[in-house]
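J.: curious how this folds, go ahead:
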Amino acid sequence: MTFLVFATLLYFLPTIVGHNKRDVLGIFLVNLLFGWTFIGWIIAMVWACTAEPQPHVFMVAGPGAAQYCCRCGTMSAQGASFCRACGSRV
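T.: Take a look at the predicted model:
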């Protein structure tokens, strides 16, 4: 019984490593469907280790409130169209 639990955890290790990544569903599906092959497991593990984490979203409510840049997270002045730190559209 202990071996079965250990083997299941080892099989789904890429999914466990990538649980807070943006591509968690894709990592899980590759791990589930192709993880039984060693190459599929390695692909899922590499993907889980290199995927970007999910971005944190900050909301500022209220009229006249400053805006956060969705790319770098810097607070921009009221009415600004571009971020002063990275230059992307706000």
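J.: ranges for the strands of the chain?
T.: 67-68, 75-76 (DSSP state E).
J.: who does the worst-scoring helix or strand of the chain on mean pLDDT pair up with?
T.: Here the helix or strand of the chain ranked lowest by mean pLDDT, DSSP states H and E is strand 67-68, holding a mean of 74. Paired strands of strand 67-68, with direction, are strand 75-76 (antiparallel) (DSSP bridges).
J.: and the average pLDDT for the partner strand is what?
T.: In this model, strand 75-76 has a mean pLDDT of 76.
J.: contact partners of it?
T.: Around strand 75-76, the neighbours that count as contacts under Cβ atoms under 8 Å, 6 or more residues apart in numbering are 66-69, 82-84, 90. Glycine gets a C-beta too; all of them are placed from N, C-alpha and C.
J.: do stretch 9-27 as well
T.: Taking contacts as Cβ under 8 Å, 6+ apart, the residues outside stretch 9-27 that touch it are 28, 30-32, 35, 41, 44-45, 47-49, 51-55.
J.: about what we covered before: flag whichever of the contacts of strand 75-76 scores worst on pLDDT.
T.: Across the contacts of strand 75-76, the bottom pLDDT score, 68, is held by A66.
J.: low-scoring stretches of the chain, by residue?
T.: When the per-residue scores of the chain are filtered using pLDDT under 70, the ranges that remain are 58-66.
J.: what are the structural domain limits within it?
T.: The record assigns the chain these domain ranges, following automatic domain parsing: 2-50, 56-90.
J.: could the ones you listed go into CSV alongside mean neighbour count?
T.: Supplementary listing: the domains of the chain in CSV, determined by neighbours: other Cβ atoms under 10 Å:
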stretch, mean neighbour count
domain 2-50, 15
domain 56-90, 12
